[in-house]
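**Q** Quick one, what's the 3D model for this:
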Amino acid sequence: MKRLAAAVLAALALSSCSTGAEVPHPTEPVDVTETTTQTFIFTGLPEIPTLRTDTETETAAPETEPESEPEQTTAAPTDTPAETAPPIQSEGGDPPEGVKCIEAPYFSQEGKPAGCELICTSMLLAYYDFAITADELISEGYIEQAVVDTYQDPERGTVMFSGDPNKAFIGDPHTPYGYGCYSGAIRSCLRRYLENEFFDAVDIGGISLKDLCMEYIDCGEPVIVWASVDMEPLFTAEANTWEIEGTDEMVEWKSNEHCLLLVGYNDESYCFHDPLRGAYTLYPRDVAETRYREMGSQAVTIHPW
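**A** Numbering: from 1, shown residues only. The predicted structure is shown next:
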C-alpha cells in the first residue's frame, strides 16, 4: 500500500511538471532550504525514506581474477589530451551549496571494479523505496550475465566472444576483468524487477544532459547516464573488442566507460552520484556533455504509471 500511495502521488506530481519548472507536490510543499547562495533541495517523493546513509556501501563478494579473461585496459594513451578537470566532491556527502539537487541514496561501487551500472540501478530503485543490491540484481536473475571467452580462428588467431552489452552484463562486476553493460540491458533489468509494480523503466537517451535536467531532474526524477571515469577521454583497444556470440557483429568496448546517477546541476556543473568518487560529485557541464555524447547519449530512468 505504501508504494501504491507513493506511485499515485508521484504520478499526480509528474503530470504537473513542465519543461524547466519545479512543481510542488499536490498535498505537501517541496522543502526548499534558503541560504545566502540559494540552495534548492528536492526531497523526492513523500514518505519515501532513504534506505542507506551516504557512507554505506554494498556488500561485495571476494575478488577473484580468472586467468581466462583478458584484463580491460583503462589507462588512456599518454598522447591523449585530458580535456577535463578534476571532479569537485561535496563535503560530508551533503548537496553542495548553490546546486539544485535531488536527495537520493548513495552507494559506492567499492569491491565492484566493473559494477557501476548495477550500483546506479540500485541507487535509482532505492530512491523510490525499492531495496535491492547490485549483487541481487544478478543473483535473482533480473539482469543477464555473459562471460567473456576466446576461440582460435585459422585466419584471425585468438578471437574473443561474449554477449551483447545492450542485453547482458559482460563479465564479472567484482573483478577488473569485467566490462559492464549499456542502457538496453539496464532498462530490461528494471522492467523485470518492476513487472508487478506501478512503475515502468524508460529509455530516455538521445537528448542532452541539459534537456535531461529540464525534463526529469526539475521534476524530481534521477537519471542513470553513461559517460567516463572522471570524465576523462574514452578510447578503444584491440584487447577490448569481441564478437557477439552467434552473430557477425563486433563490439568495440570503450575503455574508461562509466555509469553515474544524474541528480542535479547549476550554471557551471552537472551533479552526479558517482559510484567511484562519492555523492553529489560535480563535473564541468561542457566536458560531461562531451563524454555523455561519446557514449551514445544513453540514459534510463523509471516513473510511476
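**Q** which residue ranges form the helices in the stretch 201-305 of the chain?
**A** 209-215, 285-294 (DSSP state H, counting those that start in this stretch).
**Q** Now do the last one: which elements does it pack against?
**A** Which is helix 285-294. For helix 285-294, the elements it packs on are helix 209-215, strand 223-228, strand 269-274, judged by 3 or more CB pairs under 8 Å, 6 or more residues apart in numbering; DSSP states H and E. Using the backbone N, CA and C atoms, a C-beta is placed for each residue, glycine as well.
**Q** Same question for the shortest one.
**A** Where contact means 3+ CB pairs under 8 Å, 6+ apart, helix 209-215 is packed against strand 223-228, strand 257-265, helix 285-294.
**Q** Select, out of the helices of the stretch 201-305 of the chain, the one closest to residue 246.
**A** helix 285-294 (28.3 Å; CB to CB).
**Q** Just the residues contacting the closest one, thanks.
**A** By CB atoms under 8 Å, 6 or more residues apart in numbering, the surrounding residues in contact with helix 285-294 are 83-85, 208-210, 225-228, 231, 234, 254, 265, 268-270, 298.
**Q** Please pick the buried ones from those.
**A** Among the contacts of helix 285-294, those buried by neighbour count (16 or more other CB atoms under 10 Å) are 84, 209, 225-228, 231, 234, 254, 265, 269-270, 298.
**Q** Next, count neighbours for residue 164.
**A** Number of residues near residue 164 (other CB atoms under 10 Å) recorded here: 19.
**Q** Helix or strand for it, just tell me which one.
**A** Residue 164 is located outside every helix and strand, with elements delineated by DSSP states H and E.
**Q** Contact partners for the residue lying closest to it once chain neighbours are set aside?
**A** Once flanking residues are discounted, residue 164 sits nearest to residue 244: 5.1 Å by CB to CB, 6 or more residues apart in numbering. Listed by CB under 8 Å, 6+ apart, the contact partners of residue 244 are 161, 162, 163, 164, 250, 251.
**Q** and if you look at residue 250?
**A** Here residue 250 is in contact with 241, 242, 243, 244 (criterion: CB under 8 Å, 6+ apart).
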